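Student: Give the three-dimensional model of this entry:
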Amino acid sequence: MDTHSLSAFLAVAETGSFSVAAEKLHLTQPAVSKRIAVLEEMLNAKLFDRVGRTISLTEAGKALLPKAYQIISTIADTQREIQNLTGTVAGTLTLATSHHIGLHRLPPLLKQFTSQYPEVALDIKFIDSEWAYEGIQQSLVELAVITLSPSLKTNVISEKIWDDPLVFVAAPDHPLTTKTLLELEDLTNFSAIFPGSNTFTHHIVKSLFNEAGLNLNIAMATNYLETIKMMVAVGLAWSVLPQAMVDDSLRILPLNTLPISRQLGYIHHPERTLSNAAKTFINLLQAAKGI
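Tutor: Below is the predicted model:
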């Protein structure tokens, strides 16, 4: 089966658009359409329904989707195995990371890696940590450096590199900063800005309030921690941020609770062969453990 056609099929399935898939594959839209047509002729089945501008998988397309991922993944895995035999650290390393980790944790490691291994082309994808697990499963990325899931995930290999303490924060002139000691209940009387409800950070913090039988007053939500910091700093609400982000624009609120933290680290697929580049980057991460 033609892998180019399968790649075009996956790109259209993932983006829901022939034109966006063409951009992703660096092809023309007619070229993508031709590859899909070749695949449909080979399988004697229609793979996509086109209603207006909406494109969706047919039943045949849904049946092909997991097999297509498996075929592409197996081929890529075989290529990595063969390339690894040379012992060289080269090729492309597709790395996923969150915006926060990419900005605050990875720059020194990326600088060291690119300096020592110039023959590796880094393909860095900035995505939410929660989506990285799916990206690993679908072989869209080889390695992800992210906020690790608080719950055990048996379908990935994960390794903690950093503890990331979280603190409750507000603007210096926020009413909550006038007290010397706060209870969780005190926070519920004021608006909060939180990461989205689908994020691991949201679940870690919200579980504290759930266990205390308290309801949060979440006025706004965004997954960008730098945006949350800005909105808290101008006094719009209180929030929870990594302690490493706190500066003079914020005040740490003295909560009468146990310290909370999230774990940052890397994940990869347990059944995929890691490239020499990925193994080398993991070694750099391990050397930075706890720093």
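Student: Tell me if I'm right that Glu185 and Gly213 touch.
Tutor: No. Glu185 lies out of contact with Gly213 (CB atoms under 8 Å); the separation is 9.6 Å. Every C-beta, even on glycine, is put in place using the N, C-alpha and C of the backbone.
Student: So the two - more neighbours on which side?
Tutor: More crowded of Glu185 and Gly213, by other CB atoms under 10 Å: Glu185, with 11 against 8.
Student: nearest residue to the more buried one other than its sequence neighbours?
Tutor: Among residues not flanking Glu185 along the chain, Leu214 sits closest, at 6.0 Å (CB to CB, 6 or more residues apart in numbering).
Student: Now stretch 85-99: buried residues?
Tutor: Across stretch 85-99, burial judged by 16 or more other CB atoms under 10 Å covers Val89, Gly91, Leu93, Thr94, Leu95, Ala96, Thr97, Ser98, His99.
Student: hang on, the residue nearest to Glu185 packs against Thr188?
Tutor: Yes. Using CB under 8 Å, Leu214 is in contact with Thr188, at 5.3 Å.
Student: Where does Trp131 sit: helix, strand or coil?
Tutor: For Trp131, the assignment made with DSSP: H, G, I helix; E, B strand; the rest coil gives helix.
Student: and it, how many neighbours does it have?
Tutor: 17.
Student: Quick check on Ile193: phi, psi?
Tutor: phi -120, psi 120 (degrees, to the nearest 10).
Student: Report the contact partners of it.
Tutor: By CB atoms under 8 Å, 6 or more residues apart in numbering, the contact set of Ile193 is Ile218, Ala219, Met220, Ala221, Thr222, Ile228, Met231, Val232, Leu236, Ala237, Trp238, Ser239.
Student: Was I right to think the fifth one contacts Lys229?
Tutor: No. Taking CB under 8 Å as the contact criterion, Thr222 and Lys229 are not neighbours in contact, 10.6 Å apart.
Student: Those two: which has the busier surroundings?
Tutor: Set Thr222 next to Lys229 and count neighbours by other CB under 10 Å: Lys229 wins out with 20 against 13.
Student: Would you mind measuring from that one to Pro242?
Tutor: 10 Å (CB to CB, to the nearest Å).
Student: tell me the secondary structure for Ser197?
Tutor: The three-state assignment at Ser197 reads coil, by three-state DSSP.
Student: That one: neighbour count?
Tutor: By the criterion of other CB under 10 Å, Ser197 has 10 neighbours.
Student: ditto for Ala277
Tutor: 27.
Student: What residues does it make contact with?
Tutor: Val89, Ala90, Gly91, Thr92, Leu93, Tyr117, Val120.
Student: That one - that's part of a helix, no?
Tutor: Yes. Ala277 sits within a helix when classified using three-state DSSP.
Student: Leaving out sequence neighbours, find the closest residue to it.
Tutor: Using CB to CB, 6+ apart and skipping the chain neighbours, the partner closest in space to Ala277 is Leu93 (4.1 Å).
Student: mind checking pLDDT for Gly87?
Tutor: Here the pLDDT value assigned to Gly87 is 78.
Student: pretty sure it is touching Asn276, no?
Tutor: Yes. Assessed by CB under 8 Å, Gly87 is found in contact with Asn276 at 7.0 Å.
Student: so where's the longest strand in this protein?
Tutor: strand 157-170 (DSSP state E).
Student: mind listing the strands for the stretch 151-291 of the chain?
Tutor: In the stretch 151-291 of the chain, the strands defined using DSSP state E, counting those that start in this stretch lie at 157-170, 192-194, 218-221, 239-242, 251-252, 260-268.
Student: Pull out the buried residues from the fourth one.
Tutor: Read it as strand 239-242. Those would be Ser239, Val240, Leu241, Pro242, for strand 239-242 by 16+ other CB under 10 Å.
Student: Could you export the residues you listed as TSV, including pLDDT and distance to Glu81?
Tutor: Formatted as TSV, the buried residues of strand 239-242 follow (pLDDT from 0 to 100; distance: CB to CB, whole Å):
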residue	pLDDT	distance to Glu81
Ser239	97	46
Val240	96	43
Leu241	97	42
Pro242	96	38
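Student: Perfect, that will be all.
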